[in-house]
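Enquirer: what follows is a predicted structure for the sequence shown.
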Amino acid sequence: MLLLFLVSALAISTVASSGPNKHEDAYALIFGTVWGPDNRPVYGVKVAIRRADDKKARWHLISDHNGEFAQRVPAGKAEYIVWAESVPGRRSKPSKTKDLAVGSEVKVHIENDERADIGLHLTE
């Protein structure tokens, strides 16, 4: 009986110590929604993300059918810049972001392993 108890305890401690997050690196998540001029989500918008101290985008995403996009970034204190690159089926002008000038970018501040929610509002 004692042997059965020890084997059970060992199995439980092994499973607990090798949980699903043990081998994964910590990350933060930048989650956003692209909104059109009519305040509806926009599908297929190219979104770019870069660290504030980089010159070129490190991540390129496309908004899904709900207008949403998500990107894992390394956990830790950092600033990121997010912007819409193009909108399919629209004018060939670069896309704009509501209340921001053409080419403006949204800054996202990450402290640790957290989720930051943003919205990109497009205008015509």
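Expert: Sure thing, it's come through. Numbers count the residues shown, from 1 in each chain.
Enquirer: could you use CA atoms for every contact and neighbour count after this?
Expert: OK.
Enquirer: tell me which stretches of the protein form strands.
Expert: If DSSP state E is used as the criterion, the strands of the chain fall at 27-35, 46-51, 59-62, 68-74, 78-86, 106-110, 115-121.
Enquirer: as JSON lines, those with mean neighbour count and mean pLDDT would be great.
Expert: Formatted as JSON lines, the strands of the chain follow (neighbours: other CA atoms under 10 Å; pLDDT from 0 to 100):
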{"stretch": "strand 27-35", "mean neighbour count": "20", "mean pLDDT": "96"}
{"stretch": "strand 46-51", "mean neighbour count": "20", "mean pLDDT": "96"}
{"stretch": "strand 59-62", "mean neighbour count": "16", "mean pLDDT": "96"}
{"stretch": "strand 68-74", "mean neighbour count": "18", "mean pLDDT": "97"}
{"stretch": "strand 78-86", "mean neighbour count": "19", "mean pLDDT": "93"}
{"stretch": "strand 106-110", "mean neighbour count": "16", "mean pLDDT": "96"}
{"stretch": "strand 115-121", "mean neighbour count": "18", "mean pLDDT": "94"}
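Enquirer: show me the contacts for residue 63.
Expert: By CA atoms under 8 Å, 6 or more residues apart in numbering, the contact set of residue 63 is 33-34, 42-47, 69.
Enquirer: list the residues that contact residue 33.
Expert: Residue 33 is in contact with 41, 63, 66-69, 118-120, counting by CA under 8 Å, 6+ apart.
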